[in-house]
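Undergrad: Predicted model follows, preceded by the sequence.
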Amino acid sequence: MKMLYLECNMGAAGDMLMGALLELLPAPDEFVERFNRLGIPGVTLEREVSVKCGITGTHMAVRVNGVEEESLDEHAHIHEHEHTHGHEHVHEHGCAHGHGHTYEHTHEHVHASMQEIQHVIWGLPLTAKVQEDAIAVYSLIAEAESHAHGVPVTEIHFHEVGTMDAVADVVGVCMLLEELAPETVVASPVCTGFGKVRCAHGILPVPAPATAWLLRGVPTYGGSIEGEMCTPTGAALLKHFVTEFTSMPVMRVQRIGYGMGKKEFPSANCIRAMLGEQEQPMEDILELCCNLDDMTPEGMGFVTELLMEEGALDVYTTPVQMKKNRPGWVLSCMCRQADKDRFLELIFRHTTTLGIREYVCRRYGLEREMVSRETSWGIVRVKRSSGYGASREKAEYEDLARIAREQNMTLEQVRNACLYEK
């Protein structure tokens, strides 16, 4: 399975995500040229080489009307003016952001509503999927700002220049993810930074209210660097695309990309993206166990067969020496978590145990498929499995046993003959 893993140890911002994903492409300059032909009003994109703590990566410089608005990837907040229509206006502000953004607020009050942003995105020559993803991400940002400022989404207005900068980041990330086409996107827990940031209109806690609202349900931590490490745009992109936030899973990494922020820290100010193959998704299963010293072998055989017929993943017994020097068995039943109650009931009903132990096990598995092979004696089913550098196949016992009985052959003779008849 094709997997993208995002390492967010220094937070997340739209330009950093775009830079990291761009490095995963075989021809990044072609993507930049294609992006610049989209016609986002006033926007040009430039790929710049950046070095942080000795690591070379990519910084994506988004320029609006020739100027790189360095703070505009950050969150917005309400700035009240004497406007006759009474709407609240949202400016992509100028906090001293952890990625090095600063912004001098000007009073050219041109604004765009969420509906106008949608019209801009729908008007770009993008695939339907990229348009839908971009609007969904921007809708998350608008909802977060609406919640933070206590006004309806319809009354949220974004500063036009800042909007084009953020639209560029969002559209760029959506385009890159469509091109990379991972089957699943996983990210590390997100570093938010800590403390407070001074903005053009006051002091905000970190994470900022909109960012905190977007990251509900996501594992986050403050980290060791004071300042704002995760922006609303970065948070919204993660929220929309990431299916799981966890430590790096088992995967075969094929390509690595580094998306750089602008400010210098003791730690490399970057997002790292890793694209590769996950051999088989991990699965948590249950092992239900009980000790038995007062059941007959017939009873043990019956319950073992019954549990397998009911869909247990595996059932086995282990001989043990129990209290009062009684020989006994440990009955172990492997099942999926969703089936726990059903198997607890079956074990209690069909054994003499008074208690069952539960263990959660993390299972790794090979990819499996069943194929049919034509032989001189008819069809034989063969189970193939592969993954983690291993590859094997095995003929089904029932088919081999049937042929052995019919042909008066040993099981080993049939197995060897079937293996050679490929």
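TA: Sure, I can see it. Numbers count the residues shown, from 1 in each chain.
Undergrad: For the rest of this, base every contact and every neighbour count on C-alpha atoms.
TA: Noted.
Undergrad: can you give me the strands for the stretch 1-150 of the chain?
TA: Secondary structure of the stretch 1-150 of the chain (DSSP state E, counting those that start in this stretch): strands located at 2-7, 43-52, 55-64, 67-68, 76-78, 88-92, 111-113.
Undergrad: Show me what the second one is packed against.
TA: Right, the one you point to is strand 43-52. Counting contacts by 3 or more CA pairs under 8 Å, 6 or more residues apart in numbering; DSSP states H and E, strand 43-52 is packed against helix 28-36, strand 55-64, helix 160-180, strand 252-260.
Undergrad: hmm, who's touching the following helix or strand past the third one?
TA: By that I understand helix 160-180. The first helix or strand that comes after helix 160-180 along the chain, using DSSP states H and E, is strand 184-187. Applying CA atoms under 8 Å, 6 or more residues apart in numbering, the contact partners of strand 184-187 are 1-8, 238, 241-248.
Undergrad: PyMOL command for the buried members of the residues you listed?
TA: To isolate the buried ones among the contacts of strand 184-187 in PyMOL, judged by 16 or more other CA atoms under 10 Å, type:
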select buried, resi 2+3+4+5+6+7+8+238+241+242+244+245
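Undergrad: if you go through this structure in chain order, where are the helices?
TA: 14-22, 28-36, 114-122, 128-149, 160-180, 209-214, 232-241, 297-309, 340-350, 397-407, 411-420 (DSSP state H).
Undergrad: just these: most buried one?
TA: Mean neighbour count (mean count of other CA atoms under 10 Å) peaks for helix 14-22 among the helices of the chain, with a mean of 30.
Undergrad: any idea of the angle that helix forms with helix 232-241?
TA: Between the axes of helix 14-22 and helix 232-241, defined by axes from the mean of the first three to the mean of the last three CA atoms, to 10 degrees, the angle is 50 degrees.
Undergrad: what's helix 14-22 in contact with?
TA: Everything outside helix 14-22 that qualifies as a contact, by CA under 8 Å, 6+ apart, is 28, 31, 47, 57-62, 73, 166, 169-170, 172-173, 176-177, 231, 233-234, 237, 257-261, 270-273.
Undergrad: one more time with 7 Å
TA: 28, 58-60, 73, 169-170, 172-173, 176, 233-234, 257-261, 270-273 (CA atoms under 7 Å, 6 or more residues apart in numbering).
Undergrad: Ends of stretch 205-216, what's the gap?
TA: End-to-end distance for stretch 205-216: 16 Å, by CA to CA, to the nearest Å.
Undergrad: Same question for stretch 303-317.
TA: For stretch 303-317, the first and last residues are 11 Å from each other (CA to CA).
Undergrad: average pLDDT across it?
TA: Throughout stretch 303-317, pLDDT has a mean value of 95.
Undergrad: from the middle of its chain, how far away would that stretch be?
TA: Offset of stretch 303-317 from its chain centre (CA atoms, centre = their mean, to the nearest Å): 34 Å.
Undergrad: Which positions in stretch 259-278 come out as buried?
TA: Result for stretch 259-278 [16+ other CA under 10 Å]: buried residues 259-262, 268-278.
Undergrad: got it, and stretch 45-53?
TA: Applying a neighbour-count criterion of 16+ other CA under 10 Å, one finds 45, 50-52 buried in stretch 45-53.
Undergrad: Dump stretch 187-201 to CSV, restricted to CA.
TA: What follows is stretch 187-201 as a C-alpha-only set of coordinates in CSV (Å, rounded to 0.1, in the frame of the first residue of the first chain):
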residue,chain,number,x,y,z
ALA,A,187,1.3,12.1,10.3
SER,A,188,3.2,12.4,13.5
PRO,A,189,1.7,14.2,16.5
VAL,A,190,1.8,17.9,15.8
CYS,A,191,4.1,20.4,17.5
THR,A,192,2.2,23.6,18.1
GLY,A,193,4.8,25.7,20.0
PHE,A,194,3.8,27.4,23.2
GLY,A,195,3.6,30.8,24.8
LYS,A,196,2.1,33.9,23.3
VAL,A,197,2.4,35.8,20.0
ARG,A,198,2.1,39.6,19.6
CYS,A,199,0.0,40.5,16.5
ALA,A,200,-1.1,43.7,14.9
HIS,A,201,-4.2,43.7,17.0
